[in-house]
Every structure is written in structure tokens, then in C-alpha cells.
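*Asks:* The following comprises the amino acid sequence and a computationally predicted model.
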2 protein chains.
Amino acid sequence: MYIDWKPDRSSNQSLHQQIVDWMQQHIIRGDWPVGTRLPSQRILADTFDVNRSTIISAIDELIADGLLETKAGSGTFVSNNTWNVLISTKRLDWKNYVQSGIHEPNLTTIQDINHYETDPHMIRLGTGELSPSLLPTHLIEATFHTTSFKTLSLGYSEPKGDKRLRQYICDYLQTKGITTSISSIMIVSGGLQALQLIAVGLLQKGSMILHESPSYINSVHPFQSAGMHLVGLPNQGQERIPEQIKRIHKKQKASLFYTIPTFNNPTNTTWTHEERLELLSICQQEQIPIIEDDVYSDLWFDQEPPRSLKSLDTEGLVLYIGSMSKTLSPGLRIGWINGPVTVIDRLADIKMQTDYGSSALSQHLVAEWLASGQYAQHVAWLRHKLRERRDFTLSLLNQHFKGIAEWDVPQGGFYIWLKLNKPIVNRYLFQQAIKENILINPGFIYEPQNNSHLRVSYSYASKEQLAYGIETLAKIIQK
Amino acid sequence: MYIDWKPDRSSNQSLHQQIVDWMQQHIIRGDWPVGTRLPSQRILADTFDVNRSTIISAIDELIADGLLETKAGSGTFVSNNTWNVLISTKRLDWKNYVQSGIHEPNLTTIQDINHYETDPHMIRLGTGELSPSLLPTHLIEATFHTTSFKTLSLGYSEPKGDKRLRQYICDYLQTKGITTSISSIMIVSGGLQALQLIAVGLLQKGSMILHESPSYINSVHPFQSAGMHLVGLPNQGQERIPEQIKRIHKKQKASLFYTIPTFNNPTNTTWTHEERLELLSICQQEQIPIIEDDVYSDLWFDQEPPRSLKSLDTEGLVLYIGSMSKTLSPGLRIGWINGPVTVIDRLADIKMQTDYGSSALSQHLVAEWLASGQYAQHVAWLRHKLRERRDFTLSLLNQHFKGIAEWDVPQGGFYIWLKLNKPIVNRYLFQQAIKENILINPGFIYEPQNNSHLRVSYSYASKEQLAYGIETLAKIIQK
């Protein structure tokens, strides 16, 4: 339960009375159904910015009214609401509904991260997102101030998305060595939706999905919630990944291989050209389709990364996912899938049943930016800025983490995959960091048994925050 | 397979050669994997705007090359691609993937409708969407030309969506008699996504969903694809719907009741205040939550409809869905859910795993329009316009459908639920209408066994189109 309200200190009403009234309203309205657990007294006092005694007296009053009850050791709960008492003795228990849904909840740590990310005081050392200072908000504003909306259609979109945008994406993909046509492209609301559509559109329950481990895919649940199971292939062992794929597939048929081959999330590794050819060759032999999640490849520093798997794919084996979220803005919610037209037709049909298409405003803006060359200019600038941030962050690590951890030098993307010398990256460390207003992305989000790694991102926090955050984190770890 | 390409008549290359090259590319690239069925020769000739003999000769050439094959009676198929021949004898069969996904495909008729809606020559008599002339594209352009983007955040959104927008939605809901707070509201990408999230977030497989029949819910598959089954309650029988709910629920526990109580899609019926109270009372007694889909209620003509179920709900029994799609623009993809905070927390968690939130641009625009009063002004204008269109359409029906069909006079919304005197609304009628460039929404989309009804919409087609379309449709029906 996240509370956005505070009592009004300029009001005539006492703080106590305002809190009682406010809670009563939430209970009576059903916003807090019977069984809802209230935050702790300490958190309520912090949230409302009042003394703990004020909270205790307010809760006592509501207990006396029969609306709340305390259970020893487990907190304060909504026990009733006045209408319930008057009208009937039955109560709808939404809790059963909330707990019985099909979709997996986010991992607790990810829910916590989502929550703490809304706190402006938090220093976000692991956030996989561009800093507000790297988002071209003013340029986008300028585009909207001057652009003509003649080509904007505000009706429901075609199943595959705006035709004009798809054409520009074709042209853009051509610059990356991928030749395709607009009927093989569909627009999605970001890369994650692409995975969601693939999960429910192409796979049977019980299907096995192979992926590199650690992997971003462990931190989201599109496949697991649809009843597939994931098998992670360690990317640093003796046996190369294509060989692992072959070996495992012989025992149990794999349905897909999911990979971020360029500037991986979270490890920032990049497959070489030869590794890519080997992967394609084995997946071709074994007839295993590949999902290539390629949302970071524009963000190289010194030299362009090897060509995408899709550009090397002559067999229609690869479903290719791209996105504007890591380069232009996540708020636009625009990505795309490129693949065989029969597959795209199927996914577009499900997209129409899921959300009837993506925002026309966002599609319009992206089309304008691709057409005008502004996207290419922005990305060139961004590469430069991210490289600066990488160098700065590496210098901080050299200063504070020498002897405590190891890391590689990123060649692009957002992340440093920091390996601590001791396996202490657990829930406790996460919470200790929170106490110092530092939000970290622990390795176990991306690889369940991993207690050694942290995903450090140089893309989000300001330089001041990076400097303070990394120094403080080093201190916490040394404790 | 929808084709967006035509040979270039100004090119030096022959039409035949252009078609051969183009098809070859699609096959080689894997856009048309092995097993893909080509459209018929007639359709290809129409699509490419060439003689059928040109198609036949192009196909013959590709058959000779071993890329295509014909199977007697079932058409032309991709049989091979050159790399397959060179490199390996195995071929990935995407068809298995496309056919084995979990999600239900759209009904064929709905896929056809989605397809034909992209054809600008089609007269769309049943489209549930505002006409381009009713969309405030110029005013939205003006907003973007002048608005400040200071409050626009282009980063990933909070799980429940932009706070500012949620506050304005609270204020807007207050004008509709619903008192709530921003923690009980989440932003979704349109009403359909709300249903999708509820399906996977709150229900177990095998759950029974009750709904009025006919219903919009039969034309989309969020619940069915998640493994729930729908039970339609006839809304015109002897037994009132609340009584049916009670009776059925005694036999088998229902998980939800889904309803569009105001200006229903497709019937345009509206529950009276007393009916609403009875429904709430029975659902309260039986402990059945209600999904109130309330996307049309702003569009009343002569008098405001009865208050929403949510505004009468003192038990937290109702999940309320609203949207900008039917009033401001479907292209924005902005809707919301209002309900108990525990339920909203759960749904927001799944939304974060589905698409990481809705477009920031769209959220910004809607917040501006609600804050400035432009939304209210626009809706007032729209009510007037829709009423005019209703009157015009009724006059056409009086002219052409007297004696063939019956209908009620709509008090708001988009639809006339036209009941033909003979049960002839089938796939054949649909196709006959297509031949005359008229796209209809037959009743069986909304109620499987229904062969008597059509959903006629006065919201989309122009007056000229309505006049020609309704007259022509009457002629087709009389044949």
C-alpha cells in the first residue's frame, strides 16, 4: 500500500482528526477492503509527517469504532466497514482474487525497486534507463511545437501499427544490414510487450525456453506466467552456449533461444561475429528459433558491434526485437518486432486483442525523428555522453572498489557487471543500501543463485550521485 | 497475408520480372517461410494491379526454380528456399508455432473486419469508433504547439501511471459521483487492456465469468485466452439479470459479472437506477465482484444516464473501467481502472511486467485536456454532433428498413442494434456486403447463435456513406 496523502497543517482540523477521517473514508469506500493490512505505525508516522503518538491515537479511535483490529505480532488490519455491519454479514474477499490470478507477481525485490524508484531522494545506481538529462525532452517539445499533424491518425491503428513508421523502421533496419519489408514489421509498446506477445502467441504451455544466464529475462515474467519454463545456460563455463543448446535440445526439445547478443543486460557482454555464426548454424541444424533482443546495439562507444543475428539470418530463424526505450525515451513506449510474415500476422492479431495498438502520438513522434535524421543525430550525441559517464564511473570504481570487486570495461550500452570478491549480495545488503538512500540492482534478480554480482548502471544517476553512491556503497559493503 | 507492394509501372523492368524478384526476396529472406500459402491468383492480380496471366507466368517461373509448388485444389505454397537447399535439408516450421500458441486467434470475421477497415474504399457501417471528422486532431495539434512540456516525464512511468493524470481523473470521476483517491486509480492503454490485466491478475483458470448477452466481451478474448469461460445471460428474457446471476451462482460459483450498464455495446441499452441497485444488492449478497465497463456514459443526448454502479458501491465490489477512446481519441490508448487499492496494486504490478506503462505523451495530453476544461468542452460538442448523426441515421432506417427490421431510438453512445425480421445475418451476408464495399458488424460476433441482428453505428461513416450504405444494405438484404 503506497500512500500519497498527508494531513494539511494549515487546516483548522487537528492532525488526529484528519487522519481518522481519511482512513475512515478509505475503509468505507472499499479502497481498503476488509483484511487489508495497514503499514506499520512508524511508516505511517513518516508518511504523514506526524508524531507516532498521533498515529497511535488515530488507530485506537478506529479500533474503537470497529473498523480496525490489531493482531499480535502481525500488525493492524481493516476488520470491518460500517455498511458491512448494517447491510450484511458477508464480505467480498478481494485477497483471494489477488492471490489466485494466473500471472506471476514481480519478485519482491523488483516490486521494491519499482516502488523506491518513485522516491526522488533515492540514488539509483542500477537503473536501466537514461537519466532525465540524457532524454531529449526539449527537442521532442520543439518537434511537437513545429510539426504538422497532417499525417497523424488518431483513430484505432492497423494491426501492425502505423504504415509510415513501419517504412521508416525498414529504412533504419537497412542501415543495420537487415533487409525487410513493412509487412514483416509490427509496432509494439516496448520490447517487453514483444516478449509477452511471443509467449502467448507462439508457444505451448510447458515449452522450454533457453537463454544465457544471467539474463534480463529472469527479472520479468512473460514466459513463466504463460506456463513456459526457462533454462539458463551459464555464459562463462567451459562449454560454449551453442554447444550447450545442442546438448540440452537432444534430451528435451527446446522451443526458443532468447538472447541479448549485443551489450547484454546485465552482463554487457557482446557475442563475436564467429560466435554469432556458430549460434545460427547450430540453431539452424537443430531447428530452434532465436529471439534476438537488440535494444542496446546503437549505443556503441569506440567501434560498431558485430552485425545482428537477424542480418546474418537467411532462414527466417530469428525474431528480432528493437526499441526506442534505451535510446530516445522509454516514456514513448515504442518498439518493434521483425520476422517472418506469418509470425508477424499472428502476433499482430493478438496485439489487437491485447490493447488495440500503440499510442498514435508516440508512433507519430518516432516516425518524425527517424525521417528527419534527428534520431541518428541524437544517438551520436548520446554515445558520446554515455562514454563520458562510463569513464567517470570506471574511475570511481577504481577509487573505491579495487580489491573488493572485479569488472570489465563496457564497450557500449548501460551496464557494468560488478563481481564482488565475497558472495554478500543478498536481500540484507539491498536493505542496508536503501537505508542510505541507495538503490541497487542485485545480481540475484538476473540469476537466482547469484550472490556475487551487482548491476551498476552509468546511464541514470547524476555524476554527483554516482560519486556519492559508489563511495557509500563501498563503505556499506566493507562493513 | 496482407501485401502492401505493387510493381512500379515506370520502371524499366517488366512487371513479370519485378513480381518474380519481389516474391523471390520474400522467400529467400524467410519473410515467407516454407509452407506459407500464397493468396489466390485472382487476389494477387488485383493486389498488384496486373493481368492474371502475368501472375501465372511469375508463379510458373518460381515453381521452375523450386521455390513454389502448387497442391491441387489448395493453392500455391512456398516449398523451399535456395539456402535451405544449399545448407541443409531441415526447415524450421513456424506454422507449428503460430498454431500452437496459447492465445485464441480473433474470430475470422473480426480478422476480416480488422483487415477491411484498412481499405479506404470500404463504407464502415458498424465501426465502433469516432469518425475522423469527430476527432479533435486540430485542437490536439494546437495543444502540442503551445503546451509546456515542463511536467512531461519521458522516463519509465510509475506502476500506476502519471500522478498528475491520476489526480485529474479523480477530479473527473468526482463529477460523475465517484469519490476516490489516486492510489485507487491506475492508467491503462485503453479499456481492453484493463480486461486483459483483470483476466490474468485476478482469476484462476476455469473461472466462470457472467455477462449480459449479447455483449462486446464475446468479440474479444482476454478471458477465454486466459482459460476462463464466459456465460451469457440473455437480457430480454422473462428472468431479470440479477435473478439469473443468483440462480446460476447457486449451482456454480461465478467469479465476476461483466457489464456495460450505460449505452451498451452492441445493444445500446441502459440499466435504470432501480435495476442498478438490485444488481448491486444481489452481487453484494452473493459476493460477486462486478466489472463496470463505462466508456460510453459521457455521450448522452437528452438527459444524463443513471449514476454509475461504482458511484453507488459502498462495498468495494465494483472495478470500474473508463477510457478516452470513445470520446477523445482511440489513438491515444488511454484508459483507467478504479477499485480497491489492493486490487489496483496487483494489477499495476502486472502492467509493469506487460508493457512498463502507457505512453507518456498520451498521458500528458489527456492530463492537459482534463485540467484545461477542453475535454468537457469537446464532449459537449461531441454529444451534439452524435445526436445529429443518430437522427440522420434513424431517418435513413425509416426510409429503407421499415418492414425489414426493428430498432430502438438510442439515448446516447454509438450504436443501433438492428433486428432483422428474418434470421439472415450470416457469413454470406457479410461477404455479399463486402462485394458492395460495405463493411457490417454482424450480431454473431457479439452473441454466437444470433443471426438476426446487426450493430449499426452512427459514429463513424460520413453522412454520404451512411446514406449510400444503408440504402445499399437494404437492397442486399431484400435480395
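*Replies:* On my side now, so go ahead. Computed from a predicted model, the values in this text were never measured in an experiment.

*Asks:* Show the subsequent helix or strand relative to the worst-scoring helix or strand of chain A on mean pLDDT.
*Replies:* Using mean pLDDT, DSSP states H and E, helix A:82-87 stands out as the lowest-scoring helix or strand of chain A, at a mean of 40. Per DSSP states H and E, the first helix or strand lying C-terminal to helix A:82-87 is helix A:94-100.

*Asks:* what about that following helix, near chain B?
*Replies:* Yes: Helix A:94-100 is in contact with chain B by Cβ under 8 Å from any Cβ of the partner chain, via A:Trp94, A:Lys95, A:Tyr97, A:Val98, A:Ser100. Heads up, the C-betas are built off the backbone N, CA and C, glycines and all.

*Asks:* helix or strand right after that helix?
*Replies:* Per DSSP H and E, the helix or strand that comes after helix A:94-100 is helix A:108-116.

*Asks:* Quick check: buried residues in that following helix?
*Replies:* Judged by neighbour count using 16 or more other Cβ atoms under 10 Å in any protein chain shown, the buried positions of helix A:108-116 are A:Thr109, A:Ile110, A:Gln111, A:Asp112, A:Ile113, A:Asn114, A:Tyr116.

*Asks:* and which of these is nearest A:Glu278?
*Replies:* Nearest to A:Glu278 among the buried residues of helix A:108-116: A:Ile110, at 33.3 Å, using Cβ to Cβ.

*Asks:* which residues touch that closest one?
*Replies:* A:Ile110 makes contact with A:Ser219, A:Ile445, according to Cβ atoms under 8 Å, 6 or more residues apart in numbering or on different chains.

*Asks:* Surely A:Leu165 is in contact with A:Leu361?
*Replies:* No: with contact defined as Cβ atoms under 8 Å, A:Leu165 does not reach A:Leu361; the gap is 11.8 Å.

*Asks:* re earlier: is it possible to export the residues of helix A:94-100 next to chain B to a markdown table including pLDDT, distance to A:Leu418 and neighbour count?
*Replies:* Shown next, in a markdown table, are those (pLDDT from 0 to 100; distance: Cβ to Cβ, whole Å; neighbours: other Cβ atoms under 10 Å in any protein chain shown):
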| residue | pLDDT | distance to A:Leu418 | neighbour count |
| --- | --- | --- | --- |
| A:Trp94 | 70 | 41 | 24 |
| A:Lys95 | 71 | 39 | 17 |
| A:Tyr97 | 76 | 40 | 23 |
| A:Val98 | 74 | 36 | 19 |
| A:Ser100 | 72 | 39 | 14 |
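
*Asks:* ok, which pair from those is furthest apart?
*Replies:* Among these, A:Trp94 and A:Ser100 lie farthest apart (Cβ to Cβ), at 10.6 Å.

*Asks:* longest helix anywhere in chain A?
*Replies:* helix A:374-400 (DSSP state H).

*Asks:* if we can go back for a sec, mind giving me CSV with the buried residues of helix A:108-116 and columns for pLDDT?
*Replies:* Output for the buried residues of helix A:108-116, formatted as CSV (pLDDT from 0 to 100):
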residue, pLDDT
A:Thr109, 88
A:Ile110, 87
A:Gln111, 84
A:Asp112, 87
A:Ile113, 89
A:Asn114, 83
A:Tyr116, 88
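
*Asks:* right, and out of the residues you listed, which lies closest to A:Leu280?
*Replies:* For the buried residues of helix A:108-116, the nearest to A:Leu280 is A:Ile110 (32.4 Å; Cβ to Cβ).

*Asks:* Look up how far A:Glu104 lies from the closest one.
*Replies:* Per Cβ to Cβ, to the nearest Å, A:Ile110 is found 11 Å from A:Glu104.

*Asks:* cool, A:Ser325 as well?
*Replies:* 22 Å.

*Asks:* Next up, the contacts around the closest residue to A:Trp300 other than its chain neighbours.
*Replies:* In space, A:Trp300 comes closest to A:Gly412 once its chain neighbours are excluded; the distance is 4.0 Å by Cβ to Cβ, 6 or more residues apart in numbering or on different chains. For A:Gly412, the contact set (Cβ under 8 Å, 6+ apart) comprises A:Thr262, A:Phe263, A:Asn268, A:Thr270, A:Tyr296, A:Ser297, A:Leu299, A:Trp300, A:Phe301, A:Pro305, A:Arg383, A:Leu386.

*Asks:* Thought A:Pro442 was touching A:Leu454, still the case?
*Replies:* Yes: using Cβ under 8 Å, A:Leu454 is in contact with A:Pro442, at 6.1 Å.

*Asks:* which one of those two has more residues nearby?
*Replies:* Taking neighbours as other Cβ atoms under 10 Å in any protein chain shown, A:Leu454 and A:Pro442 compare with A:Leu454 leading, 28 against 21.

*Asks:* Now that one: which helix or strand?
*Replies:* Going by DSSP H and E, A:Leu454 is part of strand A:453-457.

*Asks:* Run the chain-centre distance for that strand.
*Replies:* 15 Å (Cα atoms, centre = their mean, to the nearest Å).

*Asks:* Redo the contacts of A:Gly412 as TSV? Include neighbour count.
*Replies:* Shown next, in TSV, are these (neighbours: other Cβ atoms under 10 Å in any protein chain shown):
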residue	neighbour count
A:Thr262	28
A:Phe263	25
A:Asn268	24
A:Thr270	21
A:Tyr296	24
A:Ser297	24
A:Leu299	23
A:Trp300	19
A:Phe301	17
A:Pro305	21
A:Arg383	17
A:Leu386	22
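
*Asks:* Keep only those of those that are in helices.
*Replies:* Those of the contacts of A:Gly412 lying in helices (DSSP H): A:Arg383, A:Leu386.

*Asks:* a markdown table for the contacts of A:Gly412, including pLDDT and distance to A:Leu192?
*Replies:* Shown next, in a markdown table, are the contacts of A:Gly412 (pLDDT from 0 to 100; distance: Cβ to Cβ, whole Å):
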| residue | pLDDT | distance to A:Leu192 |
| --- | --- | --- |
| A:Thr262 | 98 | 18 |
| A:Phe263 | 98 | 17 |
| A:Asn268 | 97 | 20 |
| A:Thr270 | 97 | 22 |
| A:Tyr296 | 98 | 14 |
| A:Ser297 | 98 | 18 |
| A:Leu299 | 98 | 18 |
| A:Trp300 | 98 | 23 |
| A:Phe301 | 97 | 26 |
| A:Pro305 | 98 | 22 |
| A:Arg383 | 98 | 24 |
| A:Leu386 | 98 | 22 |
